[in-house]
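Need a 3D model of the following:
(one chain, ligands or ions: 1)
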Amino acid sequence: MKDIFCPKCKENNIVKSGLAKGKQRYKCQNCNYYFSVMKEGKSIDPYYVIKALQLYLEGVTLREIERILGVSHVSVMNWIRKYNIKAPENFDYRPTYKVLTHSELVSFFNNKESLKASGCVITELGDKFMVIKWERYRRN
Ligand SMILES: [Zn+2]
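You can find the predicted model right below:
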């Protein structure tokens, strides 16, 4: 199970352990934790893999990515490992995001202030759009 890591201890010492609710169940040999992950590869549209990795690079946490995209944070963690993605350390900003309809997106960008002083990424999300902006941490 070389592409699967334990969500608890992050070790790679995983064996298959039956099925749970139709999903493959795994057991970590290191800490005895049982867990299941979405099937790797074929069943997950690369669309979601790429979006998840984009969000990760923007600094969105794995739990937030799970909530936004509906893919498990364990899968996201596995993709980060699989594709060897390294997000640069960052202490200057945190990402904030909004999910907008097309007309909300248009009015958002009508306001020049919306574009000021922030990395800004727009990504399609179903029938809506997600805008990620950076917010500077205040320094004392
Ligand atoms: Zn473990």
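
Could you export stretch 92-104 as CSV, CA atoms only?
Output of stretch 92-104 as CSV, limited to C-alpha atoms (Å, rounded to 0.1, in the frame of the first residue of the first chain):
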residue,chain,number,x,y,z
ASP,A,92,2.9,36.4,6.3
TYR,A,93,-0.5,35.7,5.0
ARG,A,94,-3.5,33.3,5.4
PRO,A,95,-6.0,32.5,2.7
THR,A,96,-9.5,33.7,2.9
TYR,A,97,-12.1,32.5,0.4
LYS,A,98,-15.6,33.2,-0.8
VAL,A,99,-17.9,31.1,-3.0
LEU,A,100,-19.8,33.4,-5.4
THR,A,101,-22.3,33.1,-8.2
HIS,A,102,-21.3,34.6,-11.6
SER,A,103,-23.2,37.8,-11.0
GLU,A,104,-21.7,38.2,-7.5
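
need the strands for this structure, in chain order.
Shown for the chain, the strands assigned by DSSP state E span residues 14-20, 23-28, 34-36, 93-100, 120-125, 128-136.

For the fifth one, give me every contacting residue.
Meaning strand 120-125. 51, 54-55, 58, 68-69, 99, 105, 129-134 (Cβ atoms under 8 Å, 6 or more residues apart in numbering). The way it works is simple: take the backbone N, C-alpha and C, and place the C-beta from them, glycine included.

Which one (most neighbours) among those?
L55 (23 neighbours; other Cβ atoms under 10 Å).

circling back: among the contacts of strand 120-125, which two are most distant?
L69 and W134 (19.9 Å; Cβ to Cβ).
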